[in-house]
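*Asks:* okay, predicted coordinates and the sequence, questions at the end:
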Amino acid sequence: MTTTNINSTRQHPPARSDFAPDFLWGCATSSYQIEGAGQEDGRVESIWDRFAATPGKVRDGSNGAVACDHYHRWPEDFDIGRDMGLNAYRFSIAWPRIFSSVDGQPNGKGLDFYSRLVDGMLERGLQPWATLYHWDLPQFLQDRGGWAERATVDAYLRFVDAMTRRLGDRVQHWITHNEPWCTAMIGNYEGLHAPGLKDFKTALQVCHHVLLSHGKAVPLIRANVPDARVGISLSLHPLRAASDSARDQAASLRHDGLRYRWFLDPLHGRGYPAATLDAVGAAAPVIEPGDMEAIAAKTDFLGVNYYFPETIEDAPGEGPLSVRVLPPKDVETTALGWEVAPEGLAELLARIESDYHPGPMYITENGACYDDVVGPDGEVRDEARSRYLQRHLAALREVIAEGVPVKGYFAWSLVDNFEWAEGYLRRFGLVHIDYATQERRLKDSGKWYRSFLRQE
Ligand code: IFM
């Protein structure tokens, strides 16, 4: 496989016809970030409701109680998606709408909501891609220890069973988890996401249980869904050592062990990487007999969420592995300070393909945050986001041409939404939301994606 030449791609803007006719073109969202209706139809508290209610945790003091009011406005949102030319839509299911206690029955109103949602997608030609866990754990489970407890795996499987039984006649594509790294590390080690814990051993146990729940869900989904296609979405970064020094090179390898191989190795039957297990020492998770075999359940696709590369420096004593992720320097960045590096997408995909041959891959998230403003003419002129999309699609086209089997692309995100600890201060949508009025407005980037998809 050759190295992708991004310079050549710059000269040829991507066209839909460059991709296979059956390539999937979607947008992605998640329940807590868009739905709102926090107290409606039997929904119970999630860890994000609790975390956001804790002063200082969310930058603008906001929460997802109303968000984009998608719970009531989904027909309008799906009309926008259809008119944009999407043929797929990735959404997530709020577990707290479905179960209000450990032993209870699933909530009929919650199940009905997602059933209506799926019908609404299908009526508009949007292939539903359901994510079963995108971070909104019911608080009653966190009160019992959350993902650090093995019992949460069983609770998750009951939730998966209820959802796949109800929607499996119409939803073929299932993503078990979104970004287990974030669930485990940002939520339980860095403390920046719910539940806000700061304990490395807990984070690794959470990670193990999340991966285990994924592996155990795979056969369950297959049993409930005819012709199911099951996968997991990982957030991954290509890594660069900060320098050629042996210390930075070794640090980059250490980080790689935890950030990349800790997930992809066990999912592909190789167990946790031995050197990383050694390095984490007593923080290693408790693993029961059969766990690693379960985690390695064969999947139908790999979801890749790509935003930016990471540069790694040796930092003795810093964090569990003595590494530091450096902020980008002298490069183009988005409003969140994330490096814009389309070649990183190609590099990452080529590496995954050569390391694991995971089968079909889908970009289940890719997008950019900018400080969008509505102009006096009512337009949102977010050229930077259009450029970002174009450049990443050009990189994707090249890496597919080199033989990497990517079969679809979901832009993050359909609409502006609750960006976790950043609240509503950060916008990723192709559609602008006025949170005071809930007015939807297609940004220039959404218009660009529309003309790309409609081949205008
Ligand atoms: O908004 C998030 C999403 O929930 C998970 N992946 C990254 C996005 C942008 O930060």
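*Replies:* Sure, I can see it.
*Asks:* close to the ligand: what parts of the chain are there?
*Replies:* The chain comes close to the ligand at residues 30, 33, 179, 305, 365, 412, 419, 428, as judged by C-beta under 6 Å from any ligand atom. No exception for glycine: its C-beta is placed from N, CA and C like everyone else's.
*Asks:* touching, the fifth one and residue 236? I think so.
*Replies:* No: counting by C-beta atoms under 8 Å, residue 365 stays clear of residue 236, with 10.7 Å between them.
*Asks:* hey, what's in contact with both of the two?
*Replies:* The contact sets of residue 365 and residue 236 overlap at 305, 306 (C-beta atoms under 8 Å, 6 or more residues apart in numbering).
*Asks:* quick one: which of the residues of the chain next to the ligand sit in strands?
*Replies:* Of the positions in the residues of the chain next to the ligand, 305, 365, 412 sit in strands, assigned by DSSP state E.
*Asks:* what pLDDT does the last one get?
*Replies:* The pLDDT attached to residue 412 in the predicted structure is 99.
*Asks:* what does the second one give?
*Replies:* Residue 365 is assigned a pLDDT of 99 by the prediction.
*Asks:* quick revisit: will you turn the residues of the chain next to the ligand into CSV that also has neighbour count?
*Replies:* Compiled in CSV, the residues of the chain next to the ligand are given as follows (neighbours: other C-beta atoms under 10 Å):
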residue, neighbour count
30, 25
33, 24
179, 24
305, 22
365, 24
412, 23
419, 20
428, 26
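*Asks:* make CSV out of the residues you listed and add distance to residue 63.
*Replies:* Formatted as CSV, the residues of the chain next to the ligand follow (distance: C-beta to C-beta, whole Å):
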residue, distance to residue 63
30, 14
33, 11
179, 20
305, 23
365, 22
412, 20
419, 12
428, 18
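*Asks:* among those residues, which one sits closest to residue 112?
*Replies:* Top of the list for closeness to residue 112, among these and by C-beta to C-beta, is residue 30 at 20.0 Å.
*Asks:* I'd say that closest one and residue 133 touch.
*Replies:* No: using C-beta under 8 Å as the test, residue 30 is too far from residue 133 to be in contact (9.7 Å).
*Asks:* where do the contact lists of these two overlap?
*Replies:* Overlap of the contact sets of residue 30 and residue 133 (by C-beta under 8 Å, 6+ apart) consists of 92, 178.
*Asks:* any idea which helix is longest in the chain?
*Replies:* helix 200-224 (DSSP state H).
*Asks:* which helices and strands does it pack with?
*Replies:* Applying 3 or more C-beta pairs under 8 Å, 6 or more residues apart in numbering; DSSP states H and E, we find helix 200-224 packed against helix 151-167, strand 173-178, helix 180-181, helix 187-188, strand 229-235, helix 262-267, helix 291-295.
*Asks:* all strands for the protein, in order.
*Replies:* Using DSSP E, strands in the chain cover 24-28, 88-92, 127-131, 173-178, 229-235, 239-241, 301-305, 310-314, 323-326, 361-365, 406-412, 431-434, 439-442.
*Asks:* which one of those lies closest to residue 385?
*Replies:* strand 406-412 (9.4 Å).
*Asks:* residues in contact with the closest one?
*Replies:* So strand 406-412 is contacted by 20, 22-28, 88, 90, 129, 301, 305, 349, 360-367, 389, 393, 396, 399-400, 428, 430, 449 (C-beta under 8 Å, 6+ apart).
*Asks:* ok, of the residues you listed, which come out buried?
*Replies:* By neighbour count, with 16 or more other C-beta atoms under 10 Å, the contacts of strand 406-412 hold 23-28, 88, 90, 129, 301, 305, 349, 361-367, 389, 393, 396, 399-400, 428, 430, 449 as buried.
*Asks:* who does the residue nearest to residue 439 when sequence neighbours are not counted form a beta bridge with?
*Replies:* Nearest residue to residue 439, sequence neighbours excluded (C-beta to C-beta, 6 or more residues apart in numbering): residue 433, at 7.5 Å. Note on residue 433: beta-bridge partners by DSSP bridges are residue 440.
*Asks:* likewise for residue 323?
*Replies:* residue 314.
*Asks:* quick check, it in contact with residue 317.
*Replies:* No: taking contacts as C-beta under 8 Å, residue 323 lies outside contact range of residue 317: 10.6 Å.
*Asks:* which residue of the two possesses the greater neighbour count?
*Replies:* residue 323 (25 against 5; other C-beta atoms under 10 Å).
*Asks:* of all the strands of the chain, which one is nearest residue 53?
*Replies:* Comparing these by C-beta to C-beta, strand 88-92 comes nearest, at 21.2 Å.
*Asks:* mind giving me the packing neighbours of that closest one?
*Replies:* With 3+ C-beta pairs under 8 Å, 6+ apart as the test, strand 88-92 has strand 24-28, helix 108-123, strand 127-131, strand 406-412 packed against it.
*Asks:* using TSV, lay out these together with distance to residue 443.
*Replies:* Converted to TSV, the helices and strands packed on strand 88-92 look like this (distance: least, C-beta to C-beta, whole Å):
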stretch	distance to residue 443
strand 24-28	12
helix 108-123	22
strand 127-131	23
strand 406-412	12
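*Asks:* once you drop chain neighbours, what's closest to the most centrally placed residue in the chain?
*Replies:* By C-alpha atoms, centre = their mean, the chain has its centre lying nearest to residue 178, at 4.4 Å. Once flanking residues are discounted, residue 178 sits nearest to residue 134: 4.2 Å by C-beta to C-beta, 6+ apart.
*Asks:* right, and the one you found touches residue 28 too?
*Replies:* No: at 9.3 Å, residue 134 does not count as touching residue 28 under the criterion of C-beta under 8 Å.
*Asks:* could you list the low-pLDDT ranges of this protein?
*Replies:* Low-confidence segments of the chain (pLDDT under 70): 1-11.
*Asks:* show me what contacts the residue in the stretch 1-150 of the chain positioned nearest to the ligand?
*Replies:* In the stretch 1-150 of the chain, the residue that lies nearest the ligand is residue 30 (5.1 Å; C-beta to the nearest ligand atom). Counting by C-beta under 8 Å, 6+ apart, residue 30 touches 91, 92, 131, 134, 135, 136, 178, 417.
*Asks:* sweet, I'm off.
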